[in-house]
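In: build the 3D model from these lines:
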Amino acid sequence: LAQAATPSPGPESAPPAMALLRGIVLGLAGMVCAQAKGFSQEACKEYFDSMKRLGGPVPPADYVVGCDEVCGMVRGLKEYWQTGEMATYACEHGVAFGCAWKTAVPPVTLKDIGC
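Out: Numbering: from 1, shown residues only. This is a model prediction of the structure:
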């Protein structure tokens, strides 16, 4: 007797963590495709220079996807290590991307976090 093929489970049967991960990946892919400016060190420098000049968030047309995430990692490394080789590494990358954070007005700068 031939057995009927078992249908593969659909997205609705995926564990909640997988569904969340799938949503995050699809959301990030959509943001990258929709971005007006391409991600680069230079684009991030311009983005953060605008943020510092304006004293807060930039207009949506000037937003560069990925810059906040990179600088979030820079800040996390610096705050975790505080001093030493890894803290210096974080500060060097922060300078390369021109990092600033819109968590306060005016924006927090590299100098504010000890770089």
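
In: so which strand or helix has the closest residue to residue 114 other than its chain neighbours?
Out: Distances taken as Cβ to Cβ, 6 or more residues apart in numbering place residue 78 nearest to residue 114, at 6.7 Å, with adjacent residues excluded. For every residue, glycine as well, the C-beta is placed using N, CA and C. Assigned by DSSP states H and E, residue 78 belongs to helix 67-81.

In: check which helices and strands that helix sits against.
Out: helix 41-54, helix 85-97, strand 100-101 (3 or more Cβ pairs under 8 Å, 6 or more residues apart in numbering; DSSP states H and E).

In: partners of the following helix or strand past the last one in the sheet?
Out: Once the chain leaves strand 100-101, the next helix or strand it forms, by DSSP H and E, is strand 108-109. Pairing partners of strand 108-109, with direction, according to DSSP bridges: strand 100-101 (antiparallel).

In: with that, I have no additional questions.
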